[in-house]
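Q: curious how this folds, go ahead:
(3 chains)
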Amino acid sequence: MLIRDIVEALGAKLDGDGDIVVDRLVHPARAERPSDLALAISPQAAAALARTKARAVVVAAAAPWPARSFSAVLAVAEPRMALARLTALFDAGPPHERGIDPTAIVAADVALGPDVSIGAYATVGPRSRIGAATTIMPQVTIGADVTIGAHGLFHSGVRIGHNCRIGDRVIIHGNAVIGADGFSFAPDLMSAAAFTAAVAVRRVHSLGNVAIGDDVEIGACTTIDRATLESTRIGRGTKIDDHVHIGHNVTIGESCILCGMVGISGSVVMGDRVRLGGGVGVADHVRIGEQAVVAAGSGVGSDVAPGAFVSGYPALPHARSVEQHLYLGRQKRLHDKVAAMASRLDELERIVSRTVKK
Amino acid sequence: MLIRDIVEALGAKLDGDGDIVVDRLVHPARAERPSDLALAISPQAAAALARTKARAVVVAAAAPWPARSFSAVLAVAEPRMALARLTALFDAGPPHERGIDPTAIVAADVALGPDVSIGAYATVGPRSRIGAATTIMPQVTIGADVTIGAHGLFHSGVRIGHNCRIGDRVIIHGNAVIGADGFSFAPDLMSAAAFTAAVAVRRVHSLGNVAIGDDVEIGACTTIDRATLESTRIGRGTKIDDHVHIGHNVTIGESCILCGMVGISGSVVMGDRVRLGGGVGVADHVRIGEQAVVAAGSGVGSDVAPGAFVSGYPALPHARSVEQHLYLGRQKRLHDKVAAMASRLDELERIVSRTVKK
Amino acid sequence: MLIRDIVEALGAKLDGDGDIVVDRLVHPARAERPSDLALAISPQAAAALARTKARAVVVAAAAPWPARSFSAVLAVAEPRMALARLTALFDAGPPHERGIDPTAIVAADVALGPDVSIGAYATVGPRSRIGAATTIMPQVTIGADVTIGAHGLFHSGVRIGHNCRIGDRVIIHGNAVIGADGFSFAPDLMSAAAFTAAVAVRRVHSLGNVAIGDDVEIGACTTIDRATLESTRIGRGTKIDDHVHIGHNVTIGESCILCGMVGISGSVVMGDRVRLGGGVGVADHVRIGEQAVVAAGSGVGSDVAPGAFVSGYPALPHARSVEQHLYLGRQKRLHDKVAAMASRLDELERIVSRTVKK
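A: Predicted coordinates for the structure are as follows:
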């Protein structure tokens, strides 16, 4: 890759030679080849520039960097955005064979777009469709009647249940499970008051599917259960980390961020651009308004207004959570103060009763 | 399916034509074919009946529905139980090939009941047994010396370790792992006071297995570890959601309900019909009595009595948790009140000391 | 196995016949064969010796056991260490075929050490290396350019992404995913103040890998994400339970213990011998010093000093957490006390104002 092309892609300011060829993006301390491009947009990495072997370096325009001579210095205005663009430029994706592996079992009536790759031992069920240039890595299973869009990447061990619908440019990481049955019984056991041996439990079967929009990313070992009748929906552009669980009948808006180990119970409805920190749990049927933020580790038991920032267990407006924690830390002091006041009261009562009697 | 047969299965009251044939259960708003049966047992779905294209509809007997002419109205007394029965009637399960796929690797001495299906690339180890009409979906691995009952359904990516025993009518969802080794070391590191570089850590190996009763359901990406010497036991009829972890040597009773992301540490003992909300954690060696309920997000650090309802971290009787949260919300008010009382005390002391001196 | 050899391996004291042959380690109540060795190092198991059919038994030297005649009594000084040694002696591991299964797809340029076993339908990508005597169970996928050491055991469904480096004697349980992409975006959404529709989100790609030291054990369905540029590192001897999530750019020291369902956000740095209880969450960029302990269920939001013991959400020094919980339980009492003091103040004020007026 030519430095000049990178400069253009980043909108960077170049000081030096645009004709240098680079083929690897590294921390300044790891640079060892003439073709290494050292990324030094963090203060710690910029400090490492003093002793780097790299000839070409990327720095944050707003931060200082060692006064040394480099063949090319690319200064970027928005370091994190540059990180996204640069890593995209250098990401070749997981190496894989092109085309349909002879051991892949693809039903005869599957519709495959151009340039689809399907890896070893993957299976694709009848009547399914896979869009152009989508890559299915080895040992993925795709059920019957599944629709998958174009330019997707499905890592090994992904399970897509029958009837599910998946948009374009969707990335699903290893061992994620899309379309397992919902966890639903009659009677509704978690709300039933008494659960004696006399209560017969019946399974509510899941006849619906999962519908995933374009540009969604789903982490490793994440599970999204199918709906009872209709669709569990993940909106366009939503990003989901590893070990997330999304229950049946849930609707998640567009461009939401669900960090690792988030658990969403059945029938939750979330607006667009909702952000949930790691380990957040959401109770069933809760509604979370658009652009709301839930701090990591919180348990959401009731509706959250659009734009709200909540935290804690149960989750409260963040300012109230902070206030509660502040006072939690002062409990001993308060007890001591009240005890001292009680002694003063005793003493006052003694004096007053003596005085009044006189 | 004939409406009259559905009426009988549900114990519903029919108003209209029992000879209509239906083949799909849908939300009233989604009905589009003459053979669609619209399910309108929730108030929201009942409201959608006003504009449905469905000819045949299921309603809750106790709730109002639009005065419109339908070919068949099925009124049910217990809506949620009807939902369970109806979805069971219409659930054909995941489409799959019948019989043993030629790519499945089944050891020569495996005993298969009649009508067993084993999907593509599944493997079944030596001396294992699979009961009648059980379906093994593609890419399941079953180890050596495993016993599986009849009428089971094992979804793709399920891993069953050697020696495990699984009952009849067990459903296991995608990528669940039954029979991984327990997490156990010598010394017992989580209780060891000091863990310096001088402490040598040795693995306690898992020689036991996992034993799962009849009618158990296990969610996607759930893990149940094998016992050290004996069996990690899951009682008959217990339902386990996605991402649940059950440690080694655990015994879980019958008909328990474990919601998503529950974590059960080693050697826990749970009675029958225990209900654990989502994300509950249980410390090792804890005993939870039958019919106890633990609210979502709670951390159980000590024994729970039969029938108790506990919540919080650490879990307390729910009434006490609620009381604590109530007072937590009043901390600022209490501090302000105490501060005001302190001022009044100051003032009183001033007056009294002046008065007494006089 | 000869009793005399076991005695030597355990450093046990033998009372009886060292020439007895045993082939199975069981709970005293399960002994049924002459070749069963009954393990009775817990008080409960020792009590069961009274009615065991075992001829040979292992007991804790320091604890009482029934006065009965056995052919061989092995008394051990350190029961838990003896449990580790004994279970290791009797653990034959999961039964599997030796050698490379004909259905395994191993790229032509893969370097395999002697005695490597690769199970059915496993795949190994180009330029990868697998060390001597490592066992790859069926349906494992190993990407391109992966290095795996000697004497490892990789259970079915394990996914190893391209470029990852794994040491000797590493055990990875079923369906664990090593080397999925990190969860990282520009802008940094969890810290961005506002996330409106005008904010364009870009993916930060993961160009790095995961590097795992010798003697590491990784639980079922655990995920370890690859670094952005360098390596997500797991130090030698660290033990990781099921359903653990380790984010990108994390460095974990040697001999750490991570219990089930722990979640480690991106760029966390942990020293050696850190112990994290079940369900602990750690926020991104946090540093946890060596030999620190975090109690189960805690949420760590800021740095933890070496050797510290913290608990709670947010995690505090354990003594402070305990103090807070103590006072939490006394809130009602405090409110009642303050209310009573307020009444006394009212009364005093009444009396004093009357007295002063006079």
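
Q: so how far is stretch A:109-125 from its chain's centroid?
A: Computed by C-alpha atoms, centre = their mean, to the nearest Å, the chain-centroid distance of stretch A:109-125 equals 27 Å.

Q: please see if it touches chain B.
A: Yes - for a cut-off given as C-beta under 8 Å from any C-beta of the partner chain, stretch A:109-125 has contacts with chain B, namely A:121, A:123, A:125. (Each C-beta comes from the backbone N, C-alpha and C, glycine too.)

Q: nearest to C:D346, of those residues?
A: Distance ranking of the residues of stretch A:109-125 next to chain B against C:D346, using C-beta to C-beta, places A:G125 first at 78.0 Å.

Q: find the nearest non-adjacent residue to that closest one, please.
A: Nearest residue to A:G125 in three dimensions, chain neighbours excluded: A:A144, at 3.6 Å (C-beta to C-beta, 6 or more residues apart in numbering or on different chains).

Q: now do the contacts for that neighbour.
A: A:107, A:125-128, A:162-163, B:94-95 (C-beta atoms under 8 Å, 6 or more residues apart in numbering or on different chains).

Q: out of those, who has the most neighbours?
A: In terms of neighbours by other C-beta atoms under 10 Å in any protein chain shown, these top out with A:G125 at 25 neighbours.

Q: give me the pLDDT value at that residue.
A: On the pLDDT scale, A:G125 is placed at 98.

Q: so it sits against A:I148, correct?
A: No - with contact defined as C-beta atoms under 8 Å, A:G125 does not count as touching A:I148 (11.7 Å).

Q: now the strands for the stretch 1-150 of chain A?
A: Listed in chain order, the strands of the stretch 1-150 of chain A (DSSP state E, counting those that start in this stretch) span A:13-16, A:24-26, A:36-40, A:56-60, A:72-76, A:105-106, A:111-112, A:117-118, A:123-124, A:129-130, A:135-136, A:141-142, A:147-148.

Q: so which of these gets nearest C:P43?
A: strand A:141-142 (48.4 Å).

Q: pLDDT on that closest one, on average?
A: Regarding strand A:141-142, the rounded mean pLDDT is 98.

Q: same thing with stretch A:115-122?
A: Mean pLDDT, computed over stretch A:115-122, is 98.

Q: how about residues contacting it?
A: Outside stretch A:115-122, the residues within contact range by C-beta under 8 Å, 6+ apart are A:96-101, A:103-106, A:112, A:124, A:130-142, A:156, B:121, B:139, C:105, C:121, C:123, C:139.

Q: list the buried ones in it?
A: Buried residues in stretch A:115-122, defined by neighbour count with 16 or more other C-beta atoms under 10 Å in any protein chain shown: A:116-122.

Q: and the end-to-end length of that stretch?
A: 16 Å (C-alpha to C-alpha, to the nearest Å).

Q: ok, now stretch A:221-232?
A: End-to-end distance for stretch A:221-232: 18 Å, by C-alpha to C-alpha.

Q: got it, and stretch A:146-155?
A: Terminal residues of stretch A:146-155 are spaced 17 Å apart (C-alpha to C-alpha).

Q: now swap in stretch A:253-261 and tell me
A: Taking C-alpha to C-alpha, stretch A:253-261 runs 19 Å from one end to the other.

Q: quick check: residues of the stretch 201-350 of chain A near chain B?
A: Going by C-beta under 8 Å from any C-beta, the residues of the stretch 201-350 of chain A near chain B are A:201-207, A:221, A:223, A:225, A:228-230, A:243, A:245, A:247, A:261, A:263, A:265, A:281, A:283, A:299, A:301, A:313-314, A:320, A:323-324, A:327-328, A:330, A:334, A:337-338, A:341, A:344-345, A:348.

Q: please list the members of those that lie in strands.
A: Among those, the ones falling in strands (DSSP state E) are A:202-203, A:223, A:225, A:245, A:263, A:281, A:299.

Q: would TSV of these with distance to C:L86 be doable?
A: Below are these laid out as TSV (distance: C-beta to C-beta, whole Å):
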residue	distance to C:L86
A:R202	46
A:R203	43
A:T223	38
A:D225	42
A:H245	38
A:G263	39
A:G281	40
A:G299	42
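
Q: nearest to B:R273 among the residues you listed?
A: The closest of these, once distances to B:R273 are taken by C-beta to C-beta, is A:R202, at 15.0 Å.
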